[in-house]
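Student: What follows is a predicted protein model with its sequence.
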Amino acid sequence: MTEPTDGSPLRIRLSDERRRDLVAALVRFHADEFDQELSTYRAERLLGFLMRALGAPVYNQAIQDARKFLSEKLEDLDVEFHEPEDED
C-alpha cells in the first residue's frame, strides 16, 4: 500500500490500484460536474487533501457504528437465547 508522501501520520492507506481508481474518478467527476479538465496531478493533490481531512473522521465514525451494531447484536443474543436455570 502507498504511504503518504507529505509526512502525515494518518494510518489509513490506499493501495496503488485504489488510489489510481479514485484519482480517475475525481477527474471524471470534475469534468462531468464543472465541464473542466482536472489534471491527474491536481486530482492526486485533491485526494490527498480529502484523505487528510475526511479519512480519520469517517474511519472513526465507521468504527463507532460497527461497535454499536455489534453491541446491540450481543444484547439480542443474550435475550434471544437465554435459558432459565433450574432451581432445585
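Tutor: It's in. Numbering: from 1, shown residues only.
Student: In the chain, spot the helix with the most residues.
Tutor: The residue-count maximum for a helix in the chain (DSSP state H) belongs to helix 56-81.
Student: how far is it from where the chain is centred?
Tutor: The chain centre lies 17 Å from the centre of helix 56-81; the measure is CA atoms, centre = their mean, to the nearest Å.
Student: Tell me which other helices or strands that helix touches.
Tutor: Based on contacts counted as 3 or more CB pairs under 8 Å, 6 or more residues apart in numbering; DSSP states H and E, there is no element that helix 56-81 packs against. In short, each C-beta sits where N, CA and C put it, glycine included.
Student: Tell me how many other residues crowd residue 26.
Tutor: 19 (other CB atoms under 10 Å).
Student: Model confidence score at it, please.
Tutor: We note a pLDDT of 98 for residue 26 in this prediction.
Student: So it sits against residue 49, correct?
Tutor: No: with contact defined as CB atoms under 8 Å, residue 26 does not reach residue 49; the gap is 10.8 Å.
Student: quick one: low-confidence ranges for the chain?
Tutor: Across the chain, the ranges flagged by pLDDT under 70 are 1-10, 88.
Student: 90 instead, please
Tutor: The model of the chain has pLDDT under 90 over residues 1-13, 56, 72-88.
Student: do you know how far the residue positioned nearest the centre of it is from residue 66?
Tutor: With distances taken as CA atoms, centre = their mean, residue 59 lies nearest the centre of the chain, 4.9 Å away. Applying CB to CB, to the nearest Å, the value for residue 59 to residue 66 is 11 Å.
Student: hang on, the earlier thing: quick check: nearest residue in space to the residue nearest to the centre of the chain, chain neighbours excluded?
Tutor: Nearest non-adjacent residue to residue 59, counting by CB to CB, 6 or more residues apart in numbering: residue 12, 5.7 Å away.
Student: a helix runs through the one you found, doesn't it?
Tutor: No: with DSSP: H, G, I helix; E, B strand; the rest coil as the criterion, residue 12 is assigned coil and is not in a helix.
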